[in-house]
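missing the sequence, but the structure's below:
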């Protein structure tokens with residue numbers, strides 16, 4: 001055993017430089033690994049706290065045409081879940097001569113935003129917009145922009161926000177990276193979104209189609225009523241004879 005220890009020390013003494021280099025590499029590697037592990041734990045803690053502070057939803061269900069009563073029915077069916085609906089309107093537009101895609105949303109308790117500057121109080125034509133889009137398109141608090149449907153809508157920016165829900169933004173999920181310049185997320189009042197929906201061309205087309213069908217149905221009812229009156233008159237006349 002003593003011989004083995006002496007031989008080991010002799011070998012180490014003869015290769016002291018290599019031995020110290022190996023020890024140094026091991027020490028640096030251990031330090032880097034420990035530091036990375038601590039950093040990951042800190043970032044994970046920050047991320048979970050960020051999600052919690054903004055009440056990020058656990059899941060999303062995209063359904064068109066659900067009413068408040070439908071949402072309430074779902075809440076009654078699943079009392080252990082917090083379920084909330086919101087109004088949404090999406091449209092292509094032009095901003096500063098460039099094509100952009102706007103996502104208008106109503107404010108909710110779930111998926112809250114983190115206000116970076118300004119105010120989140122919305123009224124009339126006041127909106128808040130995501131900070132990344134605003135910075136890349138030279139928009140600040142007090143800036144105005146227009147959305148042209150069948151009538152122009154002009155909005156004033158009163159606040160800038162960040163949101164964990166929109167850390168990645170894409171028009172159709174086809175972008176390789178988040179499209180921070182071309183996709184703008186905007187929070188506005190429910191009344192504004194309803195007004196925009198009513199002036200959207202697809203809504204107008206459906207409205208015209210429904211009105212045409214109602215007119216046709218009313219014409220058929222009128223014809224049937226006139227026929228009924230005529231037959232009733234003929235029946236009364238024959239009965240008098």
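That came in fine, so what should we check first? This is a predicted model, so every value here is computed, not measured.

Need the single longest helix in the protein, by residues.
helix 201-240 (DSSP state H).

and the helix or strand hosting residue 48, what's its mean pLDDT?
Assessed by DSSP states H and E, residue 48 sits inside helix 16-53. Across helix 16-53, pLDDT averages out at 72.

Give the residue spans of this protein that score low on pLDDT.
For the chain, the stretches with pLDDT under 70 are 1-21, 31, 35, 173-176, 201, 203-204, 231, 233-241.

quick one on the thing from earlier: how far does the helix holding residue 48 sit from the chain's center?
Centre-to-centre, helix 16-53 and its host chain are 35 Å apart (C-alpha atoms, centre = their mean, to the nearest Å).

for that helix, which positions count as buried?
Within helix 16-53, no residue qualifies as buried by neighbour count (16 or more other C-beta atoms under 10 Å). Backbone N, C-alpha and C define where each C-beta goes, glycine included.

Mind checking what helix or strand follows that helix in sequence?
Moving toward the C-terminus from helix 16-53, the first helix or strand encountered (DSSP H and E) is helix 68-77.

Show me which positions of that next one end up buried.
Judged by neighbour count (16+ other C-beta under 10 Å), helix 68-77 contains these buried residues: residue 74.

contacts for it?
81, 83, 84, 85 (C-beta atoms under 8 Å, 6 or more residues apart in numbering).

And stretch 156-169, by the same measure?
By C-beta under 8 Å, 6+ apart, the list of residues contacting stretch 156-169 reads 50-51, 54, 56-57, 111-122, 125-134, 139-145, 178-180, 183, 185, 187.

Select from these every entry located in strands.
114-118, 126-130, 144-145, 183, 185, 187 (DSSP state E).

State the pair within the residues you listed that is farthest apart.
Pairwise distances across the ones in strands among the contacts of stretch 156-169 (C-beta to C-beta) peak at 23.6 Å, for the pair 114 and 144.

Can you tell me who residue 161 pairs with across the strands?
residue 115, residue 130 (DSSP bridges).

And it, how far from residue 135?
12 Å (C-beta to C-beta, to the nearest Å).

Please apply the same query to residue 57.
26 Å.

So those two - more neighbours on which side?
Using other C-beta atoms under 10 Å, the more surrounded residue of residue 57 and residue 135 is residue 57, with 16 against 13.

my guess is the more buried one contacts residue 112, does it?
No - Residue 57 is beyond contact range of residue 112, at 10.2 Å (criterion: C-beta atoms under 8 Å).

element containing residue 156, please.
Element membership of residue 156 [criterion: DSSP H and E] is strand 152-162.

ok now that strand, how far from the chain's centre?
Worked out by C-alpha atoms, centre = their mean, strand 152-162 lies 16 Å from the chain centre.

Could you do stretch 63-75 as well?
With C-alpha atoms, centre = their mean, you get 18 Å for stretch 63-75.

pretty sure residue 86 is touching residue 103, no?
No - the criterion here is C-beta under 8 Å, and residue 86 misses it with residue 103 at 11.3 Å.

Between the two, which has more neighbouring residues?
Using other C-beta under 10 Å as the criterion, residue 86 and residue 103 rank with residue 103 on top: 18 against 15.

Just grab the bridge partners of the more buried one for me.
residue 90, residue 185.

State whether it and residue 182 are indeed in contact, as I suppose.
No - judged on C-beta under 8 Å, residue 103 makes no contact with residue 182 at a distance of 11.5 Å.

Can you give me the first-to-last residue distance of stretch 74-91?
The straight-line separation of the ends of stretch 74-91 (C-alpha to C-alpha, to the nearest Å) is 29 Å.
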